[in-house]
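J.: This is a predicted model, with the sequence first.
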Amino acid sequence: MNEDAQDIGRVSPPVPPGALLEASARPAGPDDEPDLPVSGGALWFGALGSPIAWATQLMLMYPLVELACRQRSALPLYVTSGVLFAVAAAAGLVSWRALQAMRQRNGATIPRRVRFHARFGVWSAVVFLILIAVGTLPVLFDDPCQLPGRRPATLIPHL
């Protein structure tokens with residue numbers, strides 16, 4: 001009779017509880033994280049920077065119209081859109097650089113969440129840069145004040 005057939009009827013002795021803890025895997029901690037190419041804060045900025053910039057532009061443009069009409073200049077609207085466009089572009093650039101850093105480490109293990117954050121940041125930057133640019137078009141083509149009898153020059157002449 002072989003050894004496998006003899007082990008079928010045999011009962012193994014109970015394992016003491018302390019031995020189970022020693023044999024179990026140690027829980028993952030911050031030291032177990034692989035060496036990431038970018039920080040978590042940079043990934044979050046890359047993923048959320050452009051949507052927040054667009055939402056900020058959306059909230060600021062309407063109150064700034066009154067200021068622009070008082071000054072008789074659309075400059076505050078252009079400056080606000082330009083600054084928020086730059087913030088959204090910077091968020092996309094941070095995500096793009098994170099993706100490039102991951103591609104250079106082709107053999108290293110990189111968590112899926114890091115890849116997701118970086119890819120999401122790039123695509124959201126593309127979408128929200130377009131939205132910020134489209135949100136600026138009415139200021140370029142039309143007078144934001146629309147006062148009767150007054151047609152100030154805008155950046156792009158009226159057709």
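T.: Looks like it came in fine.
J.: which residue sits closest to Ala90, ignoring its sequence neighbours?
T.: Counting by CB to CB, 6 or more residues apart in numbering, Ala90 lies nearest to Gly49, which is 6.8 Å off, once chain neighbours are set aside. C-betas here are computed from N, CA, C, even on glycine.
J.: What is the helix or strand containing Gly121 packed up against?
T.: Secondary-structure element containing Gly121, defined by DSSP states H and E: helix 112-141. Under the contact criterion of 3 or more CB pairs under 8 Å, 6 or more residues apart in numbering; DSSP states H and E, the helices and strands touching helix 112-141 comprise helix 40-71, helix 75-104.
J.: and that helix, which residues are buried?
T.: Counting neighbours by 16 or more other CB atoms under 10 Å, one finds that the buried residues in helix 112-141 are 114, 117-119, 121-122, 124-125, 128-129, 131-132, 135-136, 139.
J.: Likewise for stretch 44-55?
T.: Residues of stretch 44-55 classed as buried by neighbour count (16+ other CB under 10 Å): Phe45, Gly46, Ala47, Gly49, Ser50, Pro51, Ala53, Trp54.
J.: My read is that the fourth one contacts Ala89, right?
T.: In other words, Gly49. No - counting by CB atoms under 8 Å, no contact exists between Gly49 and Ala89, whose distance comes to 9.3 Å.
J.: overlap in contacts of the two?
T.: Residues touching both Gly49 and Ala89 comprise Ala125, with contact defined as CB atoms under 8 Å, 6 or more residues apart in numbering.
J.: so where's the chain shaky on pLDDT?
T.: Across the chain, residues meeting the criterion (pLDDT under 70) sit at 1-13, 15-37, 106-109, 146-159.
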